[in-house]
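> Below are the sequence and a predicted model; questions follow.
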Amino acid sequence: WRTSLQPCRSHRQPVEAYVPEELSAPAEEFREAFRPETGSFVQLWLRVRRMNYEQLLWQLISTGRFQREQTYDPENLPFWTIGMRVKVRSQLTMGRVMAAIRCRLGTNCPGLRFCLDGFFGMRGYSDIFNSADACPWMEISNFSTAISLRLQHGDNVFISIATPAQIADVIAWRRTLAMSMPKPKERQMSVKEDDSSIIGKIAYDSQVMHELLL
């Protein structure tokens, strides 16, 4: 009875040992997806403003805790904002990251803004560059990545819902920045260039962008 349960040796087939160095391409991608390298992600802080943040800022500035230009200093942000640290893949598009944040927050408001230099359109409290009269406007695009934005560990992403007045302020601020930019100089055409050559077809890209912003 015992011998009848034992498999016959003639039906046994040799099994090759697992060798990590000889992984196929799909297996290698699978391992990299679930075991990322240390430099393949970046730790960011997602920050929102506390309730009654304007009153908090007024008290902190009036009591001399910090100056108005120091509102966005890293040591002062915990006083009037709430932060959550997350890990983001460096090559993942920020559009997917922002979609996941909207899902987690349970909102799909069109006025939701993700900004890098401060809370979108919040004037009067400088920005991360300590500019006194700045209006934060650097939104994150859907197709950008942490690598293209040059984000590092510990950087902040400021999340807020912009009002129509703040959107209008940002548009006016962008126009002011565009007007303060120096007008690009037109490049002179050399003797060897003509209108029929590719080099001769001069496209003033910077000048066109300058005019569009205005």
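The structure has been received and is ready for your questions.

> what does the average pLDDT come to for the longest helix belonging to the chain?
The single longest helix within the chain, with elements called by DSSP state H, is helix 164-180. Confidence over helix 164-180 (mean pLDDT, whole number) is 90.

> Buried residues, it. List them.
Neighbour-count burial for helix 164-180, with 16 or more other C-beta atoms under 10 Å as criterion, is recorded at 166, 169, 170, 173. (Each C-beta comes from the backbone N, C-alpha and C, glycine too.)

> and which of the residues you listed is nearest to residue 147?
Using C-beta to C-beta, the shortest approach to residue 147 within those belongs to residue 170, at 25.8 Å.

> what about the closest one, distance to residue 156?
Between residue 170 and residue 156 the distance is 18 Å, computed by C-beta to C-beta, to the nearest Å.

> Is it correct that residue 162 is in contact with residue 111?
Yes. Counting by C-beta atoms under 8 Å, residue 162 touches residue 111, with 4.8 Å between them.

> Those two: who's more crowded?
Legend: neighbour count by other C-beta atoms under 10 Å for residue 162 and residue 111, higher for residue 162 (21 against 13).

> which residues in this protein form helices?
Counting by DSSP H, the chain has these helices, from start to end: 2-5, 25-34, 53-62, 77-80, 94-105, 164-180, 205-213.
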